[in-house]
Each structure stands twice: as C-alpha cells, then as structure tokens.
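1. have a look at this prediction, sequence included:
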Amino acid sequence: MTLQCLLLLAASCCLPAAALGGIAPGVFHEQINPPTERFPRCHCSSIVELPSGDLLVCWYAGQDEARPDVALVTSRKAKGADKWTPAEILAKTPDKPEGNGIVFMMPDGVLWVIWGTMHGKLDGPPGPGVRWETCDVRCRTSTDEGKTWSPVRILRKELGMVVRDKPIVLDNGDVIFGVEYKDQHSRFWITSDRGKTWHITGPVDGVMNEQPTLIQRKDGSLLTYLRPAGIGGCIPWAESRDRGRTWTKAKCTKLPNPYAAIDMVKLRDGRVVLAFNNSVKSRTPLTLALSEDEGKTWPHKRNLIEERGCEFSYPAIIQDSKGMLHVTYTHKRNWIGHFRVSPDWIKAGK
C-alpha cells in the first residue's frame, strides 16, 4: 500500500468526536493532531497541565514504531483555546528512533520531558540488542512552560530501561517514576534534589512486570500497578513501605490486561482512577475505574470508547486544577486522542 493510501485510510478515522463510533455519552473527546506525511503513525502519549492552565502532550511519531525516522513530538492546547498546536519535534537523533516519553512539572516549576532513544537492531525478534532493550534515558527541561528547551542531557547511558508513566511527588518531596527494565522486573527512579541526581531502586520481583504507575496512600506507603511482561492476563500490583526503596513481590489483581500500558492517578479527594483496557485479549475498550479505598477495590467502571477489532491504547491520565480528568491515548495508531471528563462520570455509569 502506498503512503498516500495509508494517509487516506488514516484520514478516514480522523472525524469529529461526534462522528466517531463507540465513544461514551457525557464525555468531551477530541483529536489532538491528524496524521501527516511526516507523522502518519504515532503512539505513547503523556500529558501535563502547566501553571498557566495550558495543556502539553508529548508522544513519538513517524512511519511506525521503531522506524529510523521516529521523533519525539509535542503539542499544546492553550488555556481557553479550542485547538491544539501542530506537532513540533522535541527530539530527533539521526537514523535512530525515539521511544516513549513522559512530560511533567518538577515541584520547583521546571518542566521536564524524559524519553529514550533506541541504539540497537530495529528488526528481528524482541530480545537483547533489539529495539526497546537498547534504549538509553534522556531529558530536556524548560523554565518557560516549553516555549524554549535546554539541550539534550543523557541521564543514563546504560541501555535497557524504558519510561512510560508520569512521576509523582511524595510526602517528603521526593519525585519518583517507574521504568520498564530489560529483565522484565520494573525499577524506579527517585530524586531528592529536583532531578540533579537520580537513585534507581528495585527490582519488583514476582510476576513479570513492566511500565509501573503508582500512587502514595494516606499511610505513606506506595502502591504500584504494572503492565504484565511478555503476555497479557492480569494487572499485577506491588507495594513499598519505604518510599520506593524496596518493593513486595508483584502479584496479580483481578483486573484484566491484554499486554498493554495502564495509568493511574490519585485525586485530591483521595479517590483513585485507573485507565486501562478492560480485556484480556484486546486493546479495546478503553476503560476508567474508580476506587474509593486507595486501590484495594474498583467497584465503579465505565468505558470511554470501544469498537471491536480496534486499538485504543496507552492511556495517560491526570487531574487538572479544576478537578477534571484528562486522558490521552493512541487512537488506532493513527493519532492521539484526548478525553475530558468528571471523576463522578465514572460512578454514574451503569
């Protein structure tokens, strides 16, 4: 199939939210950026609300995952605006694909983007020396909400770690996020000095796992939910009683997972929302679950979007300053979608 045909096929999915099938009633939905000749495919978004009220999203895009032209890009929706800016390249290493990225604000007001660049073989079966196991860890920072950026800084040259879910700020001021690791047991990065230095902890033993998302509970302990490594089945969980320095062995929850990324956010009222694919085999539906006991049980679930045979995957979720939830996700690998919804919408579902 020619590139022109691929773009026409992708454009057929780029309809206004009201025209798209499978979207739940009562939610706001929009397309962030349509596919273009330079960026016909995309995946793995991350979203942050800036102090100004603007929203900023990053993801990787190009001919396809792990292709040499893949770049890390960003798009902004200014406060009060009705459109997102066209995708701008934040990072592009010649002849090497950029991988997953996360965008977040440090407590000191500095905006960070952390991502990985692949350095090994791009084709062949997954494993040592191929694609995701050959990522380093890099960052850029901004003191003006992403209008200008620092030069690229290498945080870790050792290959084999992949970022995915946003960091959280702990009660002692530490900032922590989880990473996928090449041995299929997650690690965590922790900084106590606003990113000048990072300490790596883990592994999370037990059920093979990757791509952690986490919250801090009222008693100070940390709860992580993880993507299962290798195959789908269930969402594993583990906990830490020493602010992420050591972790219990990962065990399965009763929540399904089709070998796909998840994300979780603790609301200001103490409730927790999980974004995931509520299926063992398919990356549809894309579902929100609400917990009122800090992630022990999830009695309230509601699908944001579902369509048989399609992919609505890799959600990223935040709560904004007005209390609304924002969820970005990959829409059929053609574009990044954005939902805005009240947390109470989940509980109102049947």
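-> Ah, there it is. No experiment lies behind these values; they were computed from the predicted model shown. Numbering: from 1, shown residues only.

2. in the protein, which spans are helices?
-> 3-11, 343-348 (DSSP state H).

3. of these, which shows the lowest average pLDDT?
-> Per-stretch mean pLDDT for the helices of the chain is lowest at helix 3-11 (a mean of 37).

4. now this protein, which segments are flagged as low pLDDT?
-> 1-21, 350 (pLDDT under 70).

5. repeat the analysis, applying 80 as the threshold.
-> 1-21, 232, 350 (pLDDT under 80).

6. how about stretch 243-253: buried residues?
-> Neighbour-count burial for stretch 243-253 flags 243-244, 247, 250, 253 (criterion: 16 or more other CB atoms under 10 Å). All C-beta atoms are positioned from the backbone trio N, CA, C, and that covers glycine.

7. first to last residue in it, what's the distance?
-> Using CA to CA, to the nearest Å, the end-to-end distance of stretch 243-253 comes out at 22 Å.

8. distance from it to the middle of the chain?
-> 20 Å (CA atoms, centre = their mean, to the nearest Å).

9. likewise stretch 171-188?
-> 14 Å.

10. what are the buried residues along that stretch?
-> Under 16+ other CB under 10 Å, the buried positions of stretch 171-188 are 174-182, 185-188.

11. which pair of the residues you listed spans the longest distance?
-> Largest separation among these by CB to CB: D174 and K182, giving 25.0 Å.

12. give me the nearest residue to R164, chain neighbours excluded.
-> Q211 (4.0 Å; CB to CB, 6 or more residues apart in numbering).

13. surely that neighbour touches G178?
-> Yes. In this structure Q211 lies within contact range of G178 using CB atoms under 8 Å: 7.1 Å.

14. identify the contacts common to these two.
-> 164-165, 186, 226 (CB atoms under 8 Å, 6 or more residues apart in numbering).

15. between these, which is nearest D136?
-> Among those, and counting by CB to CB, the member closest to D136 is R164, at 15.3 Å.

16. what's the closest one sitting at in phi/psi?
-> For R164, the backbone dihedrals (degrees, to the nearest 10) come out as phi -150, psi -60.

17. surely it and I114 touch.
-> No. Using CB under 8 Å, R164 makes no contact with I114, being 10.4 Å away.

18. who touches both of those two?
-> Joint contacts of R164 and I114 (CB under 8 Å, 6+ apart) are I102.

19. gap between G80 and K322?
-> Per CB to CB, to the nearest Å, G80 is found 13 Å from K322.

20. what of L122?
-> 43 Å.

21. higher neighbour count, the two?
-> L122 (17 against 8; other CB atoms under 10 Å).

22. right, and that one touches R131 too?
-> Yes. Assessed by CB under 8 Å, L122 is found in contact with R131 at 6.1 Å.

23. what number of residues lie near D123?
-> Neighbours of D123 (other CB under 10 Å): 8.

24. wait, what's in contact with it?
-> D123 sits in contact with V130, where contact means CB under 8 Å, 6+ apart.

25. for S192, same thing?
-> S192 touches 173-174, 199, counting by CB under 8 Å, 6+ apart.

26. hmm, try it at 10 Å
-> Contact analysis of S192 by CB atoms under 10 Å, 6 or more residues apart in numbering lists 170, 172-176, 198-199, 243.
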